[in-house]
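[1] no letters, just coordinates:
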C-alpha cells in the first residue's frame with residue numbers, strides 16, 4: 001500500500017473513467033464465507049497485506065498486526081497459518097529479524113512459504129516446518145547513522161544486484177527460478193536461481209514496454225509467461241523468462257463516477273489523469289493465476305474496489321463486488337490467492353481481514 005493513494009483518488013479523471021470501456025461485463029455471482037479463519041483469543045489482525053494457500057488447503061495470512069514501536073515506522077508484520085477448516089495452527093517466524101512492514105506471502109510447488117517485507121527489503125523462504133531456508137536481500141543496519149526510511153529521489157538511485165528497495169512480490173517458473181517484483185523504488189523485476197544466485201534484473205522507471213511505475217504484484221502461467229501488475233501505469237505487462245516484453249493489457253470497464261471511494265474524495269470533474277495511476281479504475285493492485293489446465297487471471301483495484309476475471313490474453317470475463325466494508329465488498333485488496341477458478345482468498349488492508357469467496361458463474365443471468 002502506498003499512502004499517495006489518498007491524494008490520487010482526488011485526481012481521477014472523470015472523462016477517462018467514462019471512456020474506460022464500451023461494453024459492461026456481467027457480474028459473477030459469488031458468496032463470501034462468514035468467518036473463514038478462526039483466531040485464538042487475544043490475537044488480532046492488522047492490515048492484511050497477504051494471503052496464500054498450500055497443497056493441503058492451509059491458509060497463510062501475512063498481516064501488519066503484532067505492531068511494536070511508534071505510530072510512524074513501527075515494526076508491523078506477522079505470519080499466521082490456518083488449516084483447511086480455518087482453525088489456527090501456528091504463528092511462523094515470531095520476532096523474526098526480517099519483520100518490519102508486511103507486504104505479500106506466496107507458497108511454492110514444494111509448499112515452502114515465501115514472504116516479501118517492504119520495510120526490511122527482504123525476501124524470506126520458510127520450509128514447510130516453518131524454519132528459515134533462504135534469505136534474499138539485506139536489511140539496513142540499526143547501528144548505521146544513515147538508517148532511515150528510504151527516500152524516493154527522481155531519478156532514483158541505481159539499483160544494486162542482490163538488494164531491494166521496498167520489495168513487493170514473488171513468483172516462480174517451472175525450473176524453480178524466482179521472479180521478484182522490486183516495486184516502489186527500483187521499479188524492476190529480478191530473477192534469482194533456485195539456489196539463490198542473482199541471475200538478472202529487468203526494467204526501469206517509465207511508461208514504455210519493460211518500464212514500470214510500481215510493479216506491485218507478479219504471477220506466472222503454465223507457459224512460464226510472467227505477468228507484472230504495473231500498478232502506477234494501470235496495466236499488466238507480460239514477459240518471458242529472459243526478460244523480453246511479450247505484450248501488455250489494461251482492464252477497461254465502464255465506471256459509475258458517482259461511486260464514493262472507501263477512502264478519499266470523489267473525483268472532481270475534469271481533473272487530469274495523474275502520472276501515477278495507482279488509484280485509477282482498473283489499476284492492478286493484486287493479481288493471481290489459477291492452476292492449469294484452464295488458467296484465468298484475477299486482478300483487483302482500489303477504486304472502485306472490484307475484482308476482475310480475465311483470460312490470459314487480457315479479455316475481461318466478469319467482475320465481482322465493489323468497494324465497501326461489508327461481506328462481498330472490498331477495502332483495498334492487496335493480495336489474491338486463487339487455488340481454483342471458483343475459490344478465491346482475498347487480503348484487505350482497510351478492513352483488516354481475509355475473505356474466502358466462492359464463485360457461482362453457473363448462476364449468472
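    Everything's here; your move. Just so it is clear, the model here is predicted, and its values are computed rather than measured.

[2] going by C-alpha atoms from here, please, whenever you check contacts or count neighbours.
    Fine.

[3] can you pull out the helices in this structure?
    For the chain, the helices defined by DSSP state H cover 5-9, 14-18.

[4] which of these comes out lowest on mean pLDDT?
    Of all these, mean pLDDT reaches its minimum on helix 14-18 (a mean of 33).

[5] surely residue 134 touches residue 126?
    Yes. The criterion here is CA atoms under 8 Å, and residue 134 meets it with residue 126 at 7.2 Å.

[6] the more surrounded of these two?
    Using other CA atoms under 10 Å, the more surrounded residue of residue 134 and residue 126 is residue 126, with 19 against 14.

[7] these two touch, right, that one and residue 111?
    No. Judged on CA under 8 Å, residue 126 makes no contact with residue 111 at a distance of 9.1 Å.

[8] now residue 85: phi and psi?
    Dihedral angles of residue 85 (phi, psi; degrees, to the nearest 10) stand at phi -100, psi 0.

[9] per-residue pLDDT, it?
    98.

[10] residue boundaries of the strands in the stretch 101-250 of the chain?
    Along the stretch 101-250 of the chain, counting by DSSP state E, counting those that start in this stretch, strands occupy 102-107, 113-117, 122-126, 132-137, 169-172, 178-182, 188-192, 198-202, 204-205, 211-212, 215-220, 226-230, 235-239, 245-249.

[11] can you add distance to residue 76 and mean pLDDT and give those strands back as a markdown table?
    Converted to a markdown table, the strands of the stretch 101-250 of the chain look like this (distance: least, CA to CA, whole Å; pLDDT from 0 to 100):
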| stretch | distance to residue 76 | mean pLDDT |
| --- | --- | --- |
| strand 102-107 | 6 | 98 |
| strand 113-117 | 10 | 98 |
| strand 122-126 | 14 | 98 |
| strand 132-137 | 19 | 98 |
| strand 169-172 | 17 | 98 |
| strand 178-182 | 20 | 98 |
| strand 188-192 | 25 | 98 |
| strand 198-202 | 28 | 98 |
| strand 204-205 | 28 | 95 |
| strand 211-212 | 27 | 97 |
| strand 215-220 | 19 | 98 |
| strand 226-230 | 24 | 98 |
| strand 235-239 | 29 | 98 |
| strand 245-249 | 34 | 98 |
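
[12] least trustworthy helix or strand in this structure by mean pLDDT?
    Using mean pLDDT, DSSP states H and E, helix 14-18 stands out as the lowest-scoring helix or strand of the chain, at a mean of 33.

[13] what about residue 357, distance to residue 111?
    22 Å (CA to CA, to the nearest Å).

[14] gap between the two ends of stretch 60-73?
    This stretch, stretch 60-73, spans 24 Å end to end (CA to CA).

[15] go through it and flag the buried ones.
    By neighbour count on 16 or more other CA atoms under 10 Å, the buried set for stretch 60-73 is 60, 61, 62, 63, 64, 65, 66, 67.

[16] again with stretch 167-186
    Residues of stretch 167-186 classed as buried: 167-173, 177-186 (neighbour count, 16+ other CA under 10 Å).

[17] for stretch 249-269, same thing?
    Judged by neighbour count (16+ other CA under 10 Å), stretch 249-269 contains these buried residues: 250, 251, 252, 253, 254, 255, 257, 261, 262, 263, 266, 267.

[18] again with stretch 204-215
    204, 205, 209, 210, 211, 212, 213, 214, 215.

[19] just stretch 190-204 next, same as before
    Quick answer for stretch 190-204 (16+ other CA under 10 Å): 190, 191, 192, 198, 201, 202, 203, 204.

[20] need those residues in TSV with distance to residue 329, can you?
    Compiled in TSV, the buried residues of stretch 190-204 are given as follows (distance: CA to CA, whole Å):
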residue	distance to residue 329
190	34
191	35
192	37
198	40
201	37
202	36
203	34
204	35
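
[21] what's the closest of the residues you listed to residue 308?
    Of all the buried residues of stretch 190-204, residue 308 sits closest to residue 203, with 25.9 Å by CA to CA.

[22] contacts only, for that closest one.
    187, 188, 189, 210, 211, 212 (CA atoms under 8 Å, 6 or more residues apart in numbering).

[23] how close does the fourth one sit to residue 310?
    Taking CA to CA as the measure, residue 210 and residue 310 are separated by 21 Å.

[24] for the last one, same thing?
    Shown here: residue 212 relative to residue 310, a distance of 21 Å by CA to CA.

[25] picking that back up, mind putting the contacts of residue 203 into JSON lines with distance to residue 151?
    Formatted as JSON lines, the contacts of residue 203 follow (distance: CA to CA, whole Å):
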{"residue": "187", "distance to residue 151": "14"}
{"residue": "188", "distance to residue 151": "17"}
{"residue": "189", "distance to residue 151": "20"}
{"residue": "210", "distance to residue 151": "23"}
{"residue": "211", "distance to residue 151": "20"}
{"residue": "212", "distance to residue 151": "18"}
